[in-house]
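> Give the three-dimensional model of this entry:
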Amino acid sequence: MPLLATLIVNLFGGIVAFIAKYITQRVAITLAIAAAVTALFVGLYAATRAIIATAVSAAAGIGPMFGAGVSMVISPHSAAMLSAYVVFWSLCELYKWKVSILSLWSKTI
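Residues are numbered from 1 along each chain as shown. So this is what the prediction gives:
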């Protein structure tokens with residue numbers, strides 16, 4: 001009987017350890033992907049803001065009316081909108097990529 005109890009405890013302990021390792025691994029991968037997407041979004045936002053600020057200041061240097069016209073065309077929110085657009089489509093492509101990998105993985109089972 002003690003041998004059977006040891007077998008059952010080891011079996012359930014192994015299953016619990018496997019599930020804990022699997023879940024921990026998935027959480028770590030998810031956090032790494034979220035951190036990478038956040039870092040890329042912040043970098044993209046900063047780069048877009050720098051490009052737009054440079055374009056507006058260069059246009060203002062050409063002529064005051066031309067600079068005013070460019071300022072009317074380029075909204076102050078355009079950097080955030082462009083960055084959000086690119087991040088949204090990047091996430092859509094990442095989702096499609098993960099779905100295709102999961103479908104390929106499920107075909108191997």
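
> Going by C-alpha atoms from here, please, whenever you check contacts or count neighbours.
Will do.

> what ranges of the protein fall below the confidence cut-off?
1, 59-60, 109 (pLDDT under 70).

> so which helix or strand takes in the residue nearest the centre of the chain?
Taking Cα atoms, centre = their mean, the centroid of the chain lies closest to V37, which sits 2.6 Å from it. Taking DSSP states H and E as the criterion, V37 maps to helix 2-62.

> list the helices and strands that helix packs on?
Contacts defined by 3 or more Cα pairs under 8 Å, 6 or more residues apart in numbering; DSSP states H and E place helix 2-62 against helix 64-73, helix 78-108.

> can you give me the angle that helix makes with helix 64-73?
150 degrees (axes from the mean of the first three to the mean of the last three Cα atoms, to 10 degrees).

> from the chain's centre, how far out does helix 2-62 sit?
Averaged C-alpha coordinates place helix 2-62 at 8 Å from its chain's average position (Cα atoms, centre = their mean, to the nearest Å).

> between that helix and helix 78-108, how big is the angle?
150 degrees.

> returning to that earlier point: right, and the helices and strands packed on helix 2-62 - which one's nearest G13?
Of all the helices and strands packed on helix 2-62, helix 78-108 sits nearest to G13, with 27.2 Å by Cα to Cα.

> could you say what helices and strands the closest one packs with?
Checked by 3+ Cα pairs under 8 Å, 6+ apart, helix 78-108 has helix 2-62 packed alongside it.

> Format the helices and strands packed on helix 2-62 as JSON lines; extra columns: distance to A47.
Formatted as JSON lines, the helices and strands packed on helix 2-62 follow (distance: least, Cα to Cα, whole Å):
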{"stretch": "helix 64-73", "distance to A47": "18"}
{"stretch": "helix 78-108", "distance to A47": "9"}
